[in-house]
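**Student:** Structure for the following, please:
(one chain, ligands or ions: 1)
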Amino acid sequence: MARPGPLPRGRGSQEAGAGTLLRLRGVSRAYGQLQALHPLDLDVDRGTCTVLFGHNGSGKSTLLRIAAGRDMPSTGRVLFDGRPIDEDDPEVRARVAVAGDTVAFYPDLTVRDHLELIAVAHDIAGADAWIGQVLADRGLSAHAHHLPSALSSGQIQALTLAAALVRPRDLLLLDEPEQRLDPGARGRLVHLLNGEKDDGVAVLLATHQAELVHAVADHVVVLEDGEVVAAGEPAAVLDPHGGLA
Ligand SMILES: Nc1ncnc2c1ncn2[C@@H]1O[C@H](COP(=O)(O)OP(=O)(O)OP(=O)(O)O)[C@@H](O)[C@H]1O
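**Tutor:** Numbering: from 1, shown residues only. The predicted model follows:
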């Protein structure tokens, strides 16, 4: 993906390709009596993609929220670039991009307005051209001046992705980014994720789609009722239909 002007990336991007960026140790999460996540360890390296795969309720979103510093684990710790993650930490805000499972857009701001707000907040050079590129890449150019209420569910999903992609990032966290995308947009998503890896970004995403796992993952973690039941290279762990190999 061509980027106009300086690459809008996080401050640590000069270290891209140099090892682990996100490290989870002994991380678990209980909601009252429910053990949503049993203790697990996970490393996500720069320039690689790790995929969380599992049925509804297996703990994927819980793990992503903890990895983003948006929720505290019941046990264990999360380190981003060697320090405890906290979503209020300016370093984390500058370097971690999240497209989560809940989305809130301003009803009276257009698609382009949303992306401009984010670009301004992150002080992005050449923002106009860059926003134009992100809109085109996500198939949103024709909807740039539309309000969120005028978008289809797939276009809302594309805007959710665009909002994460218009900003700098060394770590990209995505919750079911393939949801509601048509085959063309899913193809662009695969291209995008492989481009992120080439740029040295560490990617952690949750999905239900085995095809996406095989297309982008270096490492897959299969969750069942909050427990890791398999982990490793996709070809060794999952068959093409998403069953355990
Ligand atoms: N805030 C919460 N309070 C109580 N229980 C929760 C909360 N969030 C999630 N859970 C429960 O934790 C378990 C894991 O949920 P989670 O959303 O992490 O699953 P998931 O794998 O992302 O599911 P899906 O594929 O449906 O998005 C589920 O049983 C869910 O009901």
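
**Student:** following the worst-scoring helix or strand of the chain on mean pLDDT, which helix or strand shows up next?
**Tutor:** Using mean pLDDT, DSSP states H and E, the weakest-scoring helix or strand in the chain turns out to be helix 90-95, at a mean of 90. Once helix 90-95 ends, the next helix or strand along the chain (criterion: DSSP states H and E) is strand 96-99.

**Student:** Let me know the secondary structure of the spatially closest residue to residue 216 that is not a sequence neighbour.
**Tutor:** Closest residue to residue 216 apart from its sequence neighbours, by Cβ to Cβ, 6 or more residues apart in numbering: residue 193 at 4.4 Å. Using the backbone N, CA and C atoms, a C-beta is placed for each residue, glycine as well. Here residue 193 is helix, with the state taken from DSSP: H, G, I helix; E, B strand; the rest coil.

**Student:** before we move on, what about residue 76?
**Tutor:** Secondary structure, three-state DSSP: residue 76 is strand.

**Student:** how close does it get to residue 168?
**Tutor:** 28 Å (Cβ to Cβ, to the nearest Å).

**Student:** what about the spatially closest residue to residue 217 that is not a sequence neighbour, helix or strand, and which?
**Tutor:** Of all residues not flanking residue 217 in the chain, residue 51 sits nearest, at 4.1 Å (Cβ to Cβ, 6+ apart). Assigned by DSSP H and E, residue 51 belongs to strand 49-54.

**Student:** right, is the following helix or strand past that strand up against the ligand?
**Tutor:** Later in the chain than strand 49-54, the nearest helix or strand by DSSP H and E is helix 60-67. Yes - under the criterion of Cβ under 6 Å from any ligand atom, helix 60-67 makes contact with the ligand via 60-62.

**Student:** Many thanks, we can stop here.
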